[in-house]
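Participant: Output the structure for:
(chains A and B)
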Amino acid sequence: MYVYDEHDRQMAAERVAQFRDQTERALAGELAEDEFLPLRLQNGLYVQRLAPMLRICVPYGMMRSDQLRRLARITRDYDKGYAHFTTRQNVQLNWPALEDVPDILAELAEVEMHANQTSGNCIRNTTTDQFSGVQSDEIADPRPYCEIIRQWSTFHPEFAFLPRKFKVAVNASEHTDRAAIQVHDIGLQMVRNEAGELGFRVHVGGGLGRTPMVGPVIREFLPELDLLTYLEAVLRVYNRYGRRDNKFKARIKILVKALTPEGFAEKVEAEWQHIKDSPTRLTPDAVQRIQAYFTEPDYAALENATDLLGSQRFENRGFDQWLTHNVDTHKKPGYAIVTLTMKKTGTPPGDVSDKQLEQIADLADEFSFGEIRVTHQQNVVLADVRQDRLFELWQAITPMGFGTANLNTLTDVICCPGGDYCALANAKSIPVAEAIQRQFDDLDYLYDLGNIDLNISGCMNACGHHHVGNIGVLGVDKKGEEFYQISLGGSSHHDASIGKILGPSFARDEMPQVISKIIDVYVDKRTEEETFLDTYRRVGIDPFKERVYA
Amino acid sequence: MPNVISPDGSIRQDNWVVVPRPAEGESLDIPADHPALIPADLWLAGYEHFTGRKDIGVWFDSHDEPEILEGHVNELPVIAVNFPKFSDGRGYSIGRLLRERFGYKNELRAIGDVLLDQLQFMKRCGFDAYVLRADKDITKAQKCLNFFSQGYQAATDTDIPLFRRRAS
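Facilitator: Reported below is the predicted structural model:
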């Protein structure tokens, strides 16, 4: 994992001092509310329904145990003793006081954390696959490139006041996209060209929100070392020509659509020709220097523990289910990737208490070289667990509430904080997630249904990624009442697609029944091998419509 | 007479005036006794008349294209870029293009909705004169220009990004 050097530490400390000064000027009335707004947003600070909300950056989802413990302490000392994992691999505090935020940032800086650019019209946290570096089918470890992008984008002087927010995601697996890159402003897919050289396929102009779009490819192959100059060219074209007259048309996707992907690509290429050989071009040495932070941990030479696991799962059905659903194959023999699910029914998806943060830190130290990854599905990954200790781990996490064996099933809901916390929301989202989780409480039935992405957003801003849920739920406001609109057929994976709206929206108490009807149609229509999405794509939306609105 | 902030935070006064774009059918109202900044396209339109004059500079609005002055930038004593609203970031790109692409050497001035917290970015993007919005406390400019002792990226102020400095 990346470790700060003296340059990073110095800039982090300088940033804390700067934000302290900005906060003091705001509290002294020297900054008007609209003048302080972008300054606090660029530091992750929203003013919310009940209190400010502070979004803390977790670069590409990676955290060390000492950082988790510091977060736990901060939630106790400055907040109400819990935090929330977001759909962009970050962490949010729901109750900090504005005047405390500089002190919180100082505490974060001590453990190499910050809240830079977690909001506002600037380049946000770069996200990636939570299985990076431990899966066998990746082109290369994407994390060094995420870190390179993090450094380039941090306090970039030209791109601090973009037309709108800007999100970059990187994926390296050949077969799976766990980073949802095609619904990002820039999605980078690592590839090798025919000569075997490393590079990126560049998607630009994907996004959710009011106008959801799958990002078209604007460059099939960008050589590795050209990464930053090309990003700079894309951002410069966007900064100059993106719309600023209408906030709802200001994302880069609107510009790409207006110019057409080909027209946009031409503009970027023309700009890039001027700067591609500038000193911003990466050097092999610079890439290797960052890659050296992401070397393999000190793995033991092991065999796969197939027999041991076989007998353990034979004796314990709960362990068997958990192993099947929440544990993934590791590239090293004898190791496994474990996902701790933060989706226990009755707990808002992604919420963790201070105690749980400390428990996760202890688990990381005990079982996984002291590191964790936050996933965009709001779960936590222990990436390097010995197979012969899986049973012990499972026994430890079950009472903690991290062992619900529902990963990737219908009840592994992605859900924004919604109207319970967020000032932007039109409707609550957490109670809908909970009602659906209660409706589908039979694990065997969930397993029979297979992988289904159910994503819930409390408003058009789509923090819950509802457009790319196989089943998406969007909270809407109708004359002051909360209603929920359903879309079907979305996907955030390699086969990315935007869901189609089913029809008129429903009241909250109707939602579990409506979801049940949708599931029933799938169960009736599916062939043996089909997932929910497969069946939907084959039969279309009409059978679902007929059943739900019958 | 505007107070002009320099990159080191010092303050001086000068008497450049910004001449607004004339309404349709009207002509430029250039003051006789002050040096003046006129819209860049109008300077180009009156090139024969204006070039070489030490008392005439130009200004760009944030949606203007600095490309129109390519090849002529160093004929101007001052180029200003207007930030119509502090949240409009186009001027930073204009600054870098003028400096890094077109090789502009003389004064590059930020005008308009210029607030204290933009100064650090303007400085890195090649601006070396800042006219702070009048209601802001100009004595804080020096502090706000100097929160950071370095940056990660190459920009106009340095063409050596941190990853190259680390290597050396």
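
Participant: so what's residue 14 up against?
Facilitator: All of this refers to chain A. The neighbours of A:E14, taking C-beta atoms under 8 Å, 6 or more residues apart in numbering or on different chains as the test, are B:147-149. Where you see a C-beta, it was placed from the backbone N, CA and C, and this is true even at glycine.

Participant: not what I meant, chain B
Facilitator: Shown in contact with B:D14 (C-beta under 8 Å, 6+ apart): B:1-2, B:4, B:35.

Participant: now those residues: which count as buried?
Facilitator: When those are checked for burial by 16 or more other C-beta atoms under 10 Å in any protein chain shown, the buried set is B:2, B:4, B:35.

Participant: filter the contacts of A:E14 to the buried ones?
Facilitator: Among the contacts of A:E14, those classed as buried by neighbour count (16+ other C-beta under 10 Å) are B:147-148.

Participant: From the contacts of A:E14, list the ones also adjacent to chain A.
Facilitator: Among the contacts of A:E14, the ones lying close to chain A by the criterion of C-beta under 8 Å from any C-beta of the partner chain are B:147-149.

Participant: ok, so of those residues, who is nearest chain A?
Facilitator: Looking at those and their distance to chain A, the nearest is B:F147, at 4.1 Å (C-beta to the nearest C-beta).

Participant: residues near residue 6, how many?
Facilitator: Picking chain A for this. As a burial measure, A:E6 scores 7 neighbours (other C-beta atoms under 10 Å in any protein chain shown).

Participant: my bad, chain B
Facilitator: Neighbour count of B:S6, defined by other C-beta under 10 Å: 16.

Participant: for the host helix or strand of A:R73, which positions count as buried?
Facilitator: Here A:R73, judged by DSSP states H and E, is contained in helix A:65-78. Going by neighbour count (16+ other C-beta under 10 Å), the buried part of helix A:65-78 is A:65, A:67-72, A:74-76, A:78.

Participant: Likewise for stretch B:105-121?
Facilitator: Within stretch B:105-121, the residues scored as buried using 16+ other C-beta under 10 Å are B:107-112, B:114-121.

Participant: Looking at those, which are in helices?
Facilitator: B:119-121 (DSSP state H).

Participant: Reformat those as a markdown table; add pLDDT.
Facilitator: Below are these laid out as a markdown table (pLDDT from 0 to 100):
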| residue | pLDDT |
| --- | --- |
| B:L119 | 98 |
| B:Q120 | 98 |
| B:F121 | 98 |
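
Participant: which one of the residues you listed is nearest A:H330?
Facilitator: B:F121 (44.1 Å; C-beta to C-beta).

Participant: could you list every residue that touches the closest one?
Facilitator: Listed by C-beta under 8 Å, 6+ apart, the contact set of B:F121 reads A:157-158, A:160-161, B:92.

Participant: ditto for A:R88
Facilitator: By C-beta under 8 Å, 6+ apart, the contact list for A:R88 reads A:124-125, A:127, A:167, A:376.

Participant: Then A:V287?
Facilitator: A:144, A:148, A:224-225.

Participant: Taking the stretch 51-200 of chain A, what residue is nearest to chain B?
Facilitator: Going by C-beta to the nearest C-beta, chain B is nearest to A:F161 of the stretch 51-200 of chain A, at 2.9 Å.

Participant: Count the residues that sit near that residue.
Facilitator: Number of residues near A:F161 (other C-beta under 10 Å) recorded here: 23.

Participant: Quick check: pLDDT value at the nearest residue to it once chain neighbours are set aside.
Facilitator: Spatial nearest neighbour of A:F161, chain neighbours left out: B:G89 (2.9 Å); criterion: C-beta to C-beta, 6 or more residues apart in numbering or on different chains. B:G89 is assigned 98 on the pLDDT scale.

Participant: Tell me, how many residues neighbour B:G89?
Facilitator: By other C-beta under 10 Å, 27 other residues sit near B:G89.

Participant: What about A:E262, how many residues nearby?
Facilitator: When neighbours are counted by other C-beta under 10 Å, A:E262 comes out with 11.

Participant: Mind listing what's buried along stretch A:372-385?
Facilitator: Of the residues in stretch A:372-385, A:372-385 count as buried by neighbour count, 16+ other C-beta under 10 Å.

Participant: Chain B next: which of those residues are close?
Facilitator: Residues of these in contact with chain B (C-beta under 8 Å from any C-beta): none.

Participant: Return the subset of these lying in strands.
Facilitator: Those of the buried residues of stretch A:372-385 mapping onto strands are A:372-374, A:380-385, per DSSP state E.

Participant: Indicate the residue of chain B located nearest to chain A.
Facilitator: Nearest to chain A in chain B, going by C-beta to the nearest C-beta, is B:G89, at a distance of 2.9 Å.

Participant: Kindly reformat the contacts of B:D14 as a markdown table and extend each row with distance to chain A, secondary structure and pLDDT.
Facilitator: Listed next are the contacts of B:D14 as a markdown table, based on distance: C-beta to the nearest C-beta, whole Å; DSSP: H, G, I helix; E, B strand; the rest coil; pLDDT from 0 to 100:
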| residue | distance to chain A | secondary structure | pLDDT |
| --- | --- | --- | --- |
| B:M1 | 24 | coil | 76 |
| B:P2 | 21 | coil | 88 |
| B:V4 | 20 | strand | 97 |
| B:P35 | 29 | coil | 97 |
